[in-house]
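# Make a model of this:
(one chain, ligands or ions: 1)
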Amino acid sequence: MTDLTSLTLAEARDGLATKSFTSVELTDAHLQAMERARVLNAYVLETPEQARAMARAADDKIAKGEGGPLGGIPLGIKDLFATKGVRTTACSKILDDFKPTYESTVTSQLWRDGAVLLGKLNNDEFAMGSSNETSCFGPVVNPWRRNGSDTKLVPGGSSGGSASAVAAGLCLGATGTDTGGSIRQPAAFAGIVGIKPTYGRCSRWGVVAFASSLDQAGPFARTVRDSAILLRSMAGHDPKDTTSVNREVPDYEAAVGRSIKGLKIGIPKEYRLDGMPAEIEKLWTQGAEWLKAAGAELVEVSLPHTKYALPAYYIVAPAEASSNLARYDGVRYGARVPGNNIVEMYENTRAAGFGAEVRRRVMIGTYVLSAGYYDAYYLRAQKVRTLIKKDFEDCFANGVHAILTPATPSAAFGIGEKAGADPVEMYLNDIFTVTVNMAGLPGIAVPAGKDAQGLPLGLQLIGRPFDEETLFSAGEVIEQAAGRFTPAKWWE
Ligand code: GLN
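Down below sits the predicted model:
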């Protein structure tokens, strides 16, 4: 039998439907692959018993013709999604062994559609990071290595476990969250597809909050089609999240393979950075040519406020984080470190429970929201945010359907290489992705080529609000031209 972990999600779905194999077989194959790949540290919790029980139930339903859109498909879940009765930590010591009494809306929709839970995936602590090195469970290893080297590379972050697991064949797809790039950047580093949908497309209910006005859930998968299949199940209105939008969820898979003839694709000149590696520049030009060959019209566009996006993001996101993380006080969830009085207990708990990056964000956030500084920092950042959004609106008003940019300014880097004294080095990873969160738009990362060292590189397509379909159509054109990227299984 073919290796069941190398199938695409769509192939596995078809194989289950034609009874070529069962969900129990498919799930077991993944559980075994997970055991052999523990060196990657992608899963922080494996749930084999639950997985097998869910797979058996899925097989029963499939036999009755009631499998559902994801019937029997094994998935990994970022540890930021609350899973009922299954430890959920956000990869922070402060949540300890917190077992939610409820299920996030996004994951409950995946189970409703028949999917199987393989386990919880590693991420940066509270999703703060771009390399998955801030997790209390330690760093995740990227399945990709440089040619002729065994240096361990980061998978990107914050959804590093999701990216690594999908690329390494440890699940058929995974959930992620993206506040400033946490789906698209790791997808690019791992040679897979990741989409951050429009803000409001997926419910945030039951997802551990980082920066609520920017956070959005989305899927990771090995193909554009697979990500379209997953998003359809994840998306939809939820009365429990007032920012979720009541709008029909399209059949995203139907957009895969749709012609892009006549689409106007913008190339923003401000994304051409000084000192950008020639390989990224080449990849970008190549991507534009592929889209043109498929019938799209390429136009230069201007997004003049791009240069302010990163500084403004690093005010808005920490401000919201400092407020959201106030709830971890040793009383309501997880860990508690006693003190002589309640204030001391709060202080001891938070000092012991939060890692260095989270503490930095809480301090920045508290500072920019404090009386006297609010107008100078937070209010100004909000104004910049409006201007960034307007740049995109102007562009779309001029008839542009989607915008093509590189996904990241470099390929994956080594573990420890950028986690040094200057946090800004790490923050720069998100230079091409944060604008999209600031504007609330959908963005997809698609693998498009390799660098000279053999590492995958991705391109990003940014769409109009709620027009994920165009991203799937254009993304598939890039995928068809570039081919798929699979790492050698050096860990087996
Ligand atoms: N790397 C960015 C940050 O650290 C974005 C993280 C994310 O999207 N969750 O804030």
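# center of the protein - which residue?
If you average the C-alpha coordinates of the chain and look for the closest C-alpha using CA atoms, centre = their mean, you land on Ile183, 2.0 Å from that point.
# Okay, the nearest residue to Gly414 once chain neighbours are set aside and the ligand: tell me how far apart.
Taking CB to CB, 6 or more residues apart in numbering, and ignoring the residues beside it in sequence, Gly414 has Thr151 as its nearest neighbour in space, at 5.1 Å. C-beta here means a position set from N, CA and C on the backbone, and glycine is covered the same way. Going from Thr151 to the ligand by CB to the nearest ligand atom, to the nearest Å gives 22 Å.
# Check Pro155 too.
Counting by CB to the nearest ligand atom, the gap from Pro155 to the ligand is 13 Å.
# Test my guess that that residue contacts Ala411.
No: Pro155 is not in contact with Ala411 according to CB atoms under 8 Å; the separation is 11.6 Å.
# In the stretch 1-150 of the chain, where is pLDDT below threshold?
Residue ranges of the stretch 1-150 of the chain with pLDDT under 70: 1.
# Point out the residues in it that sit beside the ligand.
Those residues of the stretch 1-150 of the chain that sit near the ligand, judged by CB under 6 Å from any ligand atom, are Ala127, Met128, Gly129, Ser130.
# The same query, at a cut-off of 8 Å, please.
When proximity is defined as CB under 8 Å from any ligand atom, the stretch 1-150 of the chain approaches the ligand at Asp124, Ala127, Met128, Gly129, Ser130.
# Work out for me the element the spatially closest residue to the fourth one that is not a sequence neighbour sits within.
Closest residue to Gly129 apart from its sequence neighbours, by CB to CB, 6+ apart: Gly157 at 4.3 Å. Element membership for Gly157, per DSSP states H and E: none, as it lies in no helix or strand.
# Kindly provide the distance from Gly157 to the ligand.
Gly157 sits at a distance of 6 Å from the ligand (criterion: CB to the nearest ligand atom).
# Now do the strands in the protein.
Secondary structure of the chain by DSSP state E: the strands cover 43-46, 74-78, 116-121, 173-178, 193-196, 216-221, 264-268, 297-301, 402-406, 443-450, 456-463.
# quick revisit: ok, the residue nearest to Gly129 - contacts?
Residues near Gly157 by CB atoms under 8 Å, 6 or more residues apart in numbering: Asn123, Asp124, Gly129, Ser130, Ser131, Asn132, Glu133, Thr134, Ser182, Gln185, Pro186.
# In helices, which of those fall?
Among the contacts of Gly157, the members falling in helices (DSSP state H) are Gln185, Pro186.
# Out of the contacts of Gly157, flag the one nearest to the ligand.
Nearest to the ligand, judged by CB to the nearest ligand atom, of the contacts of Gly157 is Ser182 at 3.0 Å.
# next one: phi and psi at the closest one?
phi -70, psi -10 (degrees, to the nearest 10).
# Does it touch Pro155 like I think?
No: with contacts defined as CB under 8 Å, Ser182 does not count as touching Pro155, sitting 11.3 Å away.
# Could you check how far the closest residue to Ala411 other than its chain neighbours is from Ser158?
Counting by CB to CB, 6+ apart, Ala411 lies nearest to Leu455, which is 3.9 Å off, once chain neighbours are set aside. Taken as CB to CB, to the nearest Å, the spacing of Leu455 relative to Ser158 amounts to 20 Å.
# now swap in Arg201 and tell me
With CB to CB as the criterion, Arg201 and Ser158 are 19 Å apart.
# now swap in Phe485 and tell me
Taking CB to CB as the criterion, Phe485 is separated from Ser158 by 22 Å.
# same check, this time on Val116
24 Å.
# same question, Pro277
With the distance defined as CB to CB, Pro277 ends up 23 Å from Ser158.
# more neighbours, these two?
Counted by other CB atoms under 10 Å, Pro277 and Ser158 do not tie: Ser158 has more neighbours, with 35 against 16.
# what number of residues lie near the residue in the stretch 301-450 of the chain that the ligand sits nearest to?
In the stretch 301-450 of the chain, the residue found nearest to the ligand is Asp430; the distance is 4.8 Å by CB to the nearest ligand atom. Applying the criterion other CB under 10 Å, we find 27 residues in the vicinity of Asp430.
# Which pLDDT value does the model give it?
The model reports Asp430 with a pLDDT of 93.
# does it really touch Ser131, like I thought?
No: applying CB under 8 Å as the test, Asp430 and Ser131 come out as separate, 11.3 Å apart.
# Thr88: what's it in contact with?
Taking CB under 8 Å, 6+ apart as the definition of contact, the neighbours of Thr88 are Asp79, Leu80, Phe81, Ala82, Leu95, Phe98, Lys99, Pro100, Lys120, Val208.
# hmm, try it at 10 Å
When contacts are counted by CB atoms under 10 Å, 6 or more residues apart in numbering, Thr88 is found next to 44-45, 77-82, 95, 97-100, 104, 120, 206, 208, 333-334.
# Arg201 and Ala397: what is the separation?
Per CB to CB, Arg201 is found 22 Å from Ala397.
# one step back: most neighbours among the residues of the stretch 1-150 of the chain next to the ligand, please name it.
Scoring these on neighbours with other CB under 10 Å, the highest-scoring entry is Asp124 at 33 neighbours.
# rewinding a little: in terms of neighbours, single out the busier of Arg201 and Ala397.
Just comparing Arg201 and Ala397: by other CB under 10 Å the higher neighbour count belongs to Arg201, 25 against 9.
# Skip the chain neighbours and tell me the closest residue to that one.
In space, Arg201 comes closest to Ala235 once its chain neighbours are excluded; the distance is 4.9 Å by CB to CB, 6+ apart.
# Which helix runs longest in this protein?
Assignment by DSSP H; longest helix in the chain turns out to be helix 380-397.
# could I have that helix exported to CSV, CA atoms only?
The C-alpha atoms that make up helix 380-397 are tabulated as CSV, following Å, rounded to 0.1, in the frame of the first residue of the first chain:
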residue,chain,number,x,y,z
ARG,A,380,-1.1,57.4,16.6
ALA,A,381,-0.6,53.7,15.8
GLN,A,382,-4.4,53.3,15.3
LYS,A,383,-4.3,56.3,12.8
VAL,A,384,-1.5,54.7,10.9
ARG,A,385,-3.5,51.5,10.8
THR,A,386,-6.4,53.4,9.1
LEU,A,387,-3.9,54.7,6.5
ILE,A,388,-2.5,51.3,5.8
LYS,A,389,-6.0,50.0,5.3
LYS,A,390,-6.8,52.9,3.0
ASP,A,391,-3.8,52.2,0.8
PHE,A,392,-5.2,48.8,0.1
GLU,A,393,-8.7,50.1,-0.4
ASP,A,394,-7.5,52.6,-3.0
CYS,A,395,-5.7,49.9,-4.8
PHE,A,396,-8.8,47.7,-4.9
ALA,A,397,-10.9,50.6,-6.0
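# Could you shift the numbering so residue one becomes 30, and keep it that way?
OK, 30 is where the count begins now, so the last one is helix 409-426.
# near the ligand at all, stretch 189-199?
No: Stretch 189-199 stays clear of the ligand (CB under 8 Å from any ligand atom), getting no nearer than 10.7 Å.
# Model confidence at the nearest residue to Val274 once chain neighbours are set aside, what's the number?
Once its chain neighbours are removed from consideration, Val274 has its nearest residue in Gly229; the separation is 3.9 Å (CB to CB, 6+ apart). Gly229 is assigned a pLDDT of 98 by the prediction.
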